[in-house]
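In: sequence? don't have it. structure:
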């Protein structure tokens, strides 16, 4: 069984680059405080995300060793979650949902660290990755570590992207928000198709 590297990379990039709690928060910080005062958010979020990846990986490993037959079910559930993400990106948003709060400078690191554990997008994304792109293909610590390092790196780069563009990106999204979200939603739907197992029906 060949590894679906293209769907995996597509999922990682589209999920981390698309608007979410981390990206919107750091964009707002960049707009208000600038890069030098906001970089602590990237460090805190990256460390928190690493911890999230580790303990979620251990939980998924336990599930796969105790109940290996749930892998197919998790693939379907992961695909359904990706479809939900795609729908949430293109559905109309209220004005209240677009309001962002700014973190005090002295609490940027600690807030960004713990945000990873209450961020449903990050948590469900990590569970989806492990259940559909990791344990069905390998369980050795070396390759799992590479996946963790890749995901943390992509996340850090995405945060730098949103922070660096700051107000310029917010202006861009205000003008082109709908086509941008549609492209990201289409990428997520492709990933959902790839991990659902439907592709095997046409082989």
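Out: Arrived safely, thanks for sending. A quick note: this is a predicted structure, and the numbers were derived from the prediction, not measured.

In: ok, longest helix in this protein?
Out: helix 141-196 (DSSP state H).

In: Just give me how far that one sits from the chain centre.
Out: 7 Å (Cα atoms, centre = their mean, to the nearest Å).

In: Just give the nearest non-adjacent residue to residue 158, would you?
Out: residue 16 (4.2 Å; Cβ to Cβ, 6 or more residues apart in numbering). Quick note: C-beta positions are derived from backbone N, CA and C, even for glycine.

In: Give me the distance between that neighbour and residue 122.
Out: According to Cβ to Cβ, to the nearest Å, residue 16 stands 9 Å off from residue 122.

In: same deal with residue 176?
Out: Using Cβ to Cβ, one gets 25 Å for the distance from residue 176 to residue 122.

In: more neighbours, these two?
Out: Applying other Cβ atoms under 10 Å to residue 176 and residue 122 shows that residue 122 carries more neighbours, namely 24 against 11.

In: Contacts only, for that one.
Out: By Cβ atoms under 8 Å, 6 or more residues apart in numbering, the contact set of residue 122 is 20-22, 49, 52, 116.

In: rerun that using 7 Å as the cut-off
Out: When contacts are counted by Cβ atoms under 7 Å, 6 or more residues apart in numbering, residue 122 touches 49, 52, 116.

In: and of those, the nearest to residue 164?
Out: Distance to residue 164, by Cβ to Cβ, is smallest for residue 49 among the contacts of residue 122, at 18.8 Å.

In: and the helix or strand hosting the closest one, what does it pack onto?
Out: Applying DSSP states H and E as the criterion places residue 49 in helix 35-66. Under the contact criterion of 3 or more Cβ pairs under 7 Å, 6 or more residues apart in numbering; DSSP states H and E, helix 35-66 touches helix 21-33, helix 108-118, helix 120-129, helix 141-196.
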